[in-house]
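[1] dropping the sequence and predicted coords here.
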Amino acid sequence: MEPEWSILLVLLLVTVPVCAEDAALDGVWSDYWILRFLVNLTGYATIIIPGYLLVQYFRKSDYLETGRGICFPLVKTCVFGSELKAGVQEEPSASSRAETPEPSFTRQTIKLLACVVGLQASYLTWGVVQERVMTKTYGKTETDPGVKFRDSQFLVFMNRILAVLVAGLCCALSKQPRHGAPMYKYSFASISNILSSWCQYEALKYISFPTQVLAKASKVIPVMLMGKIVSRKSYEYWEYLTAILISAGVSMFLLSNSQNKHPSTVTTFSGILILAGYILFDSFTSNWQDALFRYKMSSIQMMFGVNLFSCLFTVGSLLEQGAFFQNLTFMIQHPEFAAHAGLLSICSACGQLFIFYTISQFGAAVFTIIMTLRQAFAILLSCLIYGHSVTVVGALGLATVFLSLFLRVYARSRMKSKKRAGQSQAPVQKV
């Protein structure tokens, strides 16, 4: 049994409720987030467990040697990828970042700035629309108080279906590298991405704005720690130091400049649990995607594989719960919601193009830093447009962030210079 499948199955078997059907019969079960979460897991498990059994069957039956027929190419792609037959070990393929000569500093800087601008534009818009969808009512009139949209899983499905269509179209119209990763490996990033997105939507209902800020601003450290677990990465002391300083600086700036705009609401224990789940799943997702890039693949292929499984998991769970057509009916009855859901999907698809490219070029930690700074950029832009003043504490927080970024870039460039100098001074053995 492969260790990653073992971990996933144990988590699912521990958390999937035996009484999910009984809970669904209760008229108010959907009012409890924990029941919705467990019912969603039940739906995912009905796809994951049969998939796991099929993967194990094909791997133990020597299918690469004995398999024939029209299904052989599909099974080989999904279960084995480009693995060789007869136990011949394939040389480990280098990551896409290492296969090409290292580009110049100027070119890397331009790439990074393009990623920053693309991510900020996509997810600043996405964040505004997300808050509107999850916190406001639809169909409100003088006589009707309106109704809130409650199904976070359907929004995740809407985001993923457009993304897989865009990625599939790009793969069909442009030349891509020969795909080497077994398709089932995308399912791990997919299920963790679905759960992190679900937790992010749900958290808006249970936590105050300061709690959101502190949690999201501190994501860099969990991502680095998850990188040590998933990819066995090692980080220098200055990387941990700058990550802590960035988190502290962003928190100082956001909290000092947002106290009057966002009245404090109660943060419940449920909200803390959901936030912890969001950080855990989100940290795993980016690191697992980063690890998958050791196969020869493009960011478009990564986007297609992850979103394909995401669509499979979410639509399967929604159909099993009987919620898919209910949500479609809600969308038809409220055109404003349909427009918001469509805009969310467009922003998500564009953002994912930049996400996978950023991770493939710069790694999970740099991507997380960019997304952490997104909130600070949003408030700073608001201050510039509407003339709001920045407090002393906020200015100190901004200074801390930019100083940390400068230290990170400087330390990284120094390490690369020392590495190149060491390679050039290495003695050459005479034959």
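    All right, it came through fine.

[2] now do residue 418 against residue 223, distance only.
    Applying Cβ to Cβ, to the nearest Å, the value for residue 418 to residue 223 is 26 Å. (Each C-beta comes from the backbone N, C-alpha and C, glycine too.)

[3] more crowded one of the two?
    Regarding residue 418 and residue 223, a neighbour count based on other Cβ atoms under 10 Å identifies residue 223 as having more, with 26 against 10.

[4] would you confirm that the more buried one contacts residue 289?
    No - between residue 223 and residue 289 no contact is recorded; they are 11.6 Å apart, counting by Cβ atoms under 8 Å.

[5] pull up the overlap in contacts between these two.
    Listed contacts common to residue 223 and residue 289 are residue 364; contacts here mean Cβ atoms under 8 Å, 6 or more residues apart in numbering.

[6] quick one, strands of the chain?
    137-138, 147-148 (DSSP state E).

[7] any idea which of these is most buried?
    strand 137-138 (a mean of 16; mean count of other Cβ atoms under 10 Å).

[8] for that strand, which strands pair with it and how are they oriented?
    In the sheet, strand 137-138 lines up against strand 147-148 (antiparallel) (DSSP bridges).

[9] so what touches the partner strand?
    Applying Cβ under 8 Å, 6+ apart, the external contacts of strand 147-148 come out as 134, 135, 136, 137, 138, 139.

[10] how close does residue 324 get to residue 134?
    Between residue 324 and residue 134 the distance is 19 Å, computed by Cβ to Cβ.

[11] actually residue 121, sorry about that
    Using Cβ to Cβ, which is the criterion applied here, residue 121 is 21 Å from residue 134.

[12] do I have it right that residue 284 meets residue 226?
    Yes - with contact defined as Cβ under 8 Å, residue 284 and residue 226 form a contacting pair (5.6 Å).

[13] show me what the longest helix along the chain is packed up against.
    Looking only at the chain and at elements set by DSSP state H, the helix with the highest residue count is helix 392-424. In terms of contact count using 3 or more Cβ pairs under 8 Å, 6 or more residues apart in numbering; DSSP states H and E, helix 392-424 is assigned the packing partners helix 237-257, helix 364-386.

[14] tally of neighbours for residue 128?
    Number of residues near residue 128 (other Cβ under 10 Å) recorded here: 12.

[15] scratch that, residue 158 is what I was asking about
    If you count neighbours by other Cβ under 10 Å, residue 158 ends up with 20.

[16] correct me if wrong: it contacts residue 345.
    Yes - the pair formed by residue 158 and residue 345 meets the contact definition of Cβ under 8 Å, at 5.0 Å.

[17] what comes up buried for stretch 49-68?
    Using 16 or more other Cβ atoms under 10 Å as the burial criterion, the residues of stretch 49-68 that qualify are 51, 52, 55, 58, 63, 64, 67.

[18] contacting residues for the fourth one?
    If a contact means Cβ under 8 Å, 6+ apart, then residue 58 has 67, 75, 79, 80 as its contacts.
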